[in-house]
Each structure stands twice: as C-alpha cells, then as structure tokens.
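# sequence and predicted structure, then a few things I'm wondering about:
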Amino acid sequence: MADDLGFNDVGFHGSSQIPTPNIDALAYSGVILNNYYVTPICTPSRSALMTGKYPIHTGMQHTVLYGAEPRGLPLSELLLPEYLRKLGYTNRIVGKWHLGSWKLEYTPLYRGFDSHLGFWTGHHDYNDHTAMETPGWGLDMRRDTEVAWDLHGEYSTDVFTKEAVRLINTHNKSKPLFLYLAHAAVHSGNPYNPLAAPDDLVAKFTSIDEYNRRKFAGMLTKLDESVGKVVEALADVKMLENSIIIFSTDNGGPAAGFNLNAASNWPLRGVKNTLWEGGVRGAGFIWSPLIKQSRRVSNQMMHITDWLPTLLAVTDEKRVPQNIDGIDVWAAISNDLASPRTEILHNIDDIYGNAALTIDNWKVLKGTTYNGEWDNWYGPSGREGNYNTTMVKYSFAGKALQSINKCATEEEMLKLRQEAEIKCEPIQKQSCNLLEEPCLFNVLEDPCEVQNLAKVHPAILNTLLVRLQELNSTAIPPGNLPVDLRADPKYWDYTWTNFGDYFTGTSANIV
C-alpha cells in the first residue's frame, strides 16, 4: 500500500513526469483498476481494508487516529490477517499501522500478524523516524513491540524494502504468506523536512521546475524501486508464479501544498480528505497468474472494502463473512465479468457535515471540508515528455515478469496506458457550491466533476440523498476521543508508546 499517492502520480495513468517503471510493469501485466475507490484519508481506508466494512460501521469515519488518542479499531472486529491465520497463513506487516496503539492489544501482533517492523502512528520522518503531532514529538519505529533505536538514520522506504525482501527470502514455503507492505511513502514527514528524499535522486529531476514536486519525485522513485525489489525477490525464490499482488493507495493525493505535499490527481477534482474523485478514486491494480483475463484496464466498480472477501474467496474459504460491506469481486476481475457492486459509499462524516455516494454512474456530494478551499483541480498534468516503455520492460519488476513469461509487450503497454488515462472532454460547466447545496455528477461521462446536474435531474438527486439517509441510519457514532496528555513522548523516553497499559482507573488529562 502506498500512502497519499495521487491518481496521476503513476505512469500507467498518463503522466510522464516521474517514471514509475516497476509499478507500471506490474499494472500492464495485470488488471488496472480504473473504477476503484478508497476512502478520503488514512485511518478510515486502513480500517476498511482490514475489516471489509465501511468506516461508518466501525466508528472510524472521522479524520485520522492520533498516537495520543485512547482508542483504536474496535477489538470486536475480526481483521483480514485473523481470517487468514485460521487458513494457515503466516502474516507479516511491514511499515505503517495507524489503527491504534494506546494499548498493546490494539497493535499488529495482537490483531493477527506474526511480525511487524514499522510505525504505529500516521507518519514519521524518513530518516530520524520521529513523529510530530499533538501533544509532542517522539520516535515511532518498532520491531514487533520493541522500539527500533538501531534503525535511526536509515531511510524508511529502504528499511521497509529490506525487511520485506528478508521476509520473502526466509519464508517457510510450506505455509502460505500474507505480506502487508504499507509504506510511509509518499506521505509527508515532519514539518522540518516534509518531503525527504535522497539528494542524488532529487538532483536527477532537472525537468521538474517546482522544487517540492522534485523532492516528491525522489520519494516516489524510492517507492517504485521498492516495488521492483519485492517482485524480484518473489521471483528469485520461485514464489512469484503463485502470488497475488495488490497495489493501492490509501486515499487521493495531497496536491499543491496540501499537508505540505506535492502529489497530483490531475485531471480529477479535489485532494486528500475531500470526497471529490481526486480524494477517493484510487490508483490501484491487481496482478496474478491466477487471473484469467489480464493485461487489461478494468472499469468494473470496486471499493477497498472488497479486498477482504475477494482474497478470502481466492483461498477457497467458503465462510466469507456476511456482516460486512465488502463484496467478492474475484470472478469479475479474473474473468472480466460485470461487477456485482453497483453502489459505493465514499463516506458519511456528520462532524464535518459531508457525505458522498455513487450508484451506477451517478454521484452525489453533500457538504465539504476546509470550507471549500480544496474543491478545485490541481496539477501538474505531467503530459509533457516521452514515455519510456523500454525502462518499464527492463525494470526490476519487468525482468522478474519476463522470467516467468508474464510481462506485457511494449505495444501492449502503450495501448493500455492510453486506455487507463482519464481524459475530460470539453463539457459545459455547471457550478457546484457544496457550502450551499448538494451536487450531482455523472462520473462515467464527467469523471472530472465539472457539470453539476442536480437541477437537471432532481429525481436522481433525491434518490441518492434518500439512500444516503438510509445508510446513515446504520452508522455508529465516530469513536474519536480527545488526546491524552499522558501519551506525550517526553514522558516515555521520547517515544510514542502504548501508554494506556501503564494506567489503571485514573482520569486522563485531555486537550
């Protein structure tokens, strides 16, 4: 899983500005998911992935979880690795957790994973591995449950890549492996160095004028390299030919300085933590030799909650849970059939006062975030320059795929890239002001959300609004809590820790 990667930050969606040859090689040889949705921000998406439930059904629908909050993804929820453990899987997590750490019972090793090298909160600095958030500053890097002091100074993306490769190389192949590699990249780090990347990589992007975008390019290059090295490792130990590889962002990209970042969702509207397509349409694909109809662009509707039942179905697990929102879409993806999903709840957040829902081709948005300040379109488009398919073919991932005769040809790459690029045809603009009233879009014909059709199709608008009310009636209240000052890392040797395990029956100091 990539963190905060924009729809337009990958080469297979049409941008030539930042090469992503390893990511592209897998995408072209698998199934590009062009109608795939995530939630607008980190914690809700990760909770949806792990539970197969919309965040409104786990209390995770409002903003992110902070390291000093005395809460986590409810312990009553059964998570994907817990299902897989019952089927004999070895479960590994590398990288970001962000689903609760105030007590150890909320952390990965107590939620179905056998090991964890990574961090518990929502971000950290890529070199010193500290996280700055209310109420303080402290180290956030763990090896299982112990603080990994020894990794100080090592670039996070490299740390996680090395660990993923090590786990693959040492895996006991008599048992199946579930490896959840959740990178920090390309999320911004701490304010003193938000876009940390090796200087030599940044210096290579002389064609990018904007300095922050150039640094972002360095971060993304390391992420792409990581994908390649993991695929190469799978090929080296003969595991690739029986693997399923899923690549997904957790939410839309933070563009134009949002969250001190420089991602791109062009030509989609909006950014991370908005319900516009730029906030919720995810860059993603699936690759596997098990897919019967691969090397194509899929327009089948899919949501991040669908991964849990889909992966369980692939394992021949007949007891796919029924009390979830995710739908098994394996047959649709593998055989290029119609998706069983026709509706996606993007989110309902009664604290922000916003919600969005898509049914078939119609999307309704109600309310907004940031007083509408991030409701526009942001570049760069990255359409200048040439696209290098030879670089894709001979990337780490490309060569690994060639070794098992599963790499797309360069001609196929160009064809699929053209199909996967979203082009917004000239269309009469009908303004939308979500601060005043709901808006309606036909996202099949108008994926860039230019033409508000609320007044043209009031009956369709009303149908979607009624459905939103129905879904909201099933929501549980957001679980957000005030931060506990006792969690301040200054009290814990300047580390973010499971502070709740050290207090019993005492009142918290909150802000």
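Perfect, thanks for sending it.

# please make it C-alpha for all contacts and neighbour counts, starting now.
Will do.

# surely Arg111 and Glu105 touch.
Yes. Arg111 lies in contact with Glu105 (Cα atoms under 8 Å); the separation is 7.4 Å.

# the two: which is more packed in?
Neighbours around Arg111 and Glu105, counted as other Cα atoms under 10 Å, are more numerous at Arg111. The numbers are 19 against 15.

# need the contact list for that one.
Remark: with contacts taken as Cα atoms under 8 Å, 6 or more residues apart in numbering, Arg111 is in contact with Leu79, Pro81, Glu82, Glu105.

# Gly122 - how many residues pack around it?
So Gly122, with other Cα under 10 Å, has 24 neighbours.

# likewise for Gly257?
By the measure other Cα under 10 Å, the count of residues near Gly257 is 11.

# ok, it - contacts?
Counting by Cα under 8 Å, 6+ apart, there are no residues that Gly257 touches.

# what distance do you get for it to Arg213?
Here Gly257 is placed at a distance of 10 Å from Arg213 (Cα to Cα, to the nearest Å).

# repeat that for Trp149.
31 Å.

# which one of these two is surrounded by more residues?
Comparing Trp149 with Arg213 by other Cα under 10 Å, the one with more neighbours is Arg213, at 24 against 15.

# quick check on the closest residue to that one other than its chain neighbours: phi, psi?
Leaving aside its sequence neighbours, Arg213 sits nearest to Ala262 (Cα to Cα, 6 or more residues apart in numbering; 5.2 Å). Dihedral pair for Ala262: phi -150, psi 40, per degrees, to the nearest 10.

# can you give me the strands in the stretch 201-350 of the chain?
For the stretch 201-350 of the chain, the strands defined by DSSP state E, counting those that start in this stretch cover 245-248, 284-287, 296-298, 302-303, 343-349.

# pick the most buried one from those strands.
strand 302-303 (a mean of 27; mean count of other Cα atoms under 10 Å).

# show me where pLDDT drops low in this protein?
505-511 (pLDDT under 70).

# what about 80?
Where the chain drops to pLDDT under 80, the residues are 316-319, 504-511.

# now the helices for it?
For the chain, applying DSSP state H gives helices covering 21-29, 42-51, 80-86, 156-169, 199-204, 211-236, 277-280, 307-314, 330-335, 389-393, 396-403, 410-420, 458-472.

# tell me, what residue is most central in the protein?
For the chain, Asp250 is the residue whose C-alpha lies nearest the centre (Cα atoms, centre = their mean; 1.5 Å).

# that one touches Tyr36, doesn't it?
No. Applying Cα under 8 Å, one finds Asp250 not in contact with Tyr36, separated by 11.3 Å.

# mutual contacts of the two, please.
Gly282.

# let's have the helices of the chain in TSV, adding distance to Tyr491.
Formatted as TSV, the helices of the chain follow (distance: least, Cα to Cα, whole Å):
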stretch	distance to Tyr491
helix 21-29	42
helix 42-51	26
helix 80-86	33
helix 156-169	25
helix 199-204	35
helix 211-236	32
helix 277-280	37
helix 307-314	38
helix 330-335	48
helix 389-393	49
helix 396-403	45
helix 410-420	50
helix 458-472	40
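
# Asn376 is nearest to which of the ones you listed?
Distances from Asn376 to each of the helices of the chain were compared by Cα to Cα, and the smallest falls on helix 277-280, at 9.5 Å.

# how about the nearest residue to Val231 once chain neighbours are set aside, what does it touch?
Nearest non-adjacent residue to Val231, counting by Cα to Cα, 6+ apart: Ala397, 5.6 Å away. When contacts are counted by Cα under 8 Å, 6+ apart, Ala397 touches Asn22, Ile23, Ala25, Leu26, Val227, Gly228, Lys229, Val231, Glu232.

# again, only using 6 Å
By Cα atoms under 6 Å, 6 or more residues apart in numbering, Ala397 lies in contact with Asn22, Gly228, Val231.

# which non-adjacent residue is nearest Tyr106?
The shortest distance from Tyr106 to any non-neighbouring residue, by Cα to Cα, 6+ apart, is to Gly100 (5.4 Å).

# ramachandran angles for that neighbour?
According to degrees, to the nearest 10, Gly100 has phi 120, psi 130.

# surely it touches Gly72?
Yes. Look at Gly100 against Gly72 with Cα atoms under 6 Å: they come within range, at 3.8 Å.

# rewinding a little: if I look at the residue nearest to Tyr106, how far off is Leu73?
6 Å.

# next, count neighbours for Asp325.
Asp325: 20 surrounding residues under other Cα under 10 Å.

# I'm done for today, thanks for sticking with me.
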